[in-house]
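> below is the sequence, then the predicted model.
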Amino acid sequence: MQRLNRRLIRKMILKEMSMHGHGHHGKPQPGTHEYDTTAQVIQNCVMACIQRGVCDEMQVNMMCQQMCQDYGCPQFAGYCAQRVISSCRQMGL
């Protein structure tokens, strides 16, 4: 089994994002600054969950809201939280 690292997690997140279609309401468009920013938010939140060993949905929502606000893309907080929770579930958290 491959060891999870930031590069592998980012690759997994980007693959997950591309599989769920974009351009719809509430989702960033591929190739935009928001797309890259939300990928970074998702990666940071997934890493935080891995470090804690748990994916608490309330905590994920709060982290995503705060990070998206800080990164200037608060409209994508819900999207990011959904992707984090989905990624964590895939990893068994």
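Yep, it's here.

> what does the helix or strand of the chain with the lowest mean pLDDT rub up against?
Least confident helix or strand, the chain: helix 6-19 with a mean of 70, by mean pLDDT, DSSP states H and E. Helix 6-19 is touched from outside by 2, 30, 35, 38-39, 42-43, 46-47, 50, 83, 86-87, 90, with contacts defined as C-beta atoms under 8 Å, 6 or more residues apart in numbering. Every residue, glycine included, has its C-beta placed from N, CA and C.

> which residues sit in contact with the spatially most central residue of the chain?
By C-alpha atoms, centre = their mean, the chain has its centre lying nearest to Ile42, at 2.0 Å. By C-beta under 8 Å, 6+ apart, the contact list for Ile42 reads 13, 17, 80, 83-84, 87.

> biggest separation within the residues you listed, which pair?
Greatest spatial distance among the contacts of Ile42 (C-beta to C-beta): Met17 and Val84, at 11.4 Å.

> which of the residues in the one helix or strand Gly78 maps to are buried?
Here Gly78, judged by DSSP states H and E, is contained in helix 77-90. For helix 77-90, the neighbour count (16 or more other C-beta atoms under 10 Å) marks 77, 79-85, 87-88 as buried.

> dump these into a markdown table; add pLDDT and distance to Cys68 as well.
Below are the buried residues of helix 77-90 laid out as a markdown table (pLDDT from 0 to 100; distance: C-beta to C-beta, whole Å):
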| residue | pLDDT | distance to Cys68 |
| --- | --- | --- |
| Ala77 | 95 | 4 |
| Tyr79 | 94 | 9 |
| Cys80 | 96 | 6 |
| Ala81 | 96 | 9 |
| Gln82 | 94 | 12 |
| Arg83 | 94 | 12 |
| Val84 | 95 | 11 |
| Ile85 | 96 | 15 |
| Ser87 | 93 | 16 |
| Cys88 | 94 | 17 |
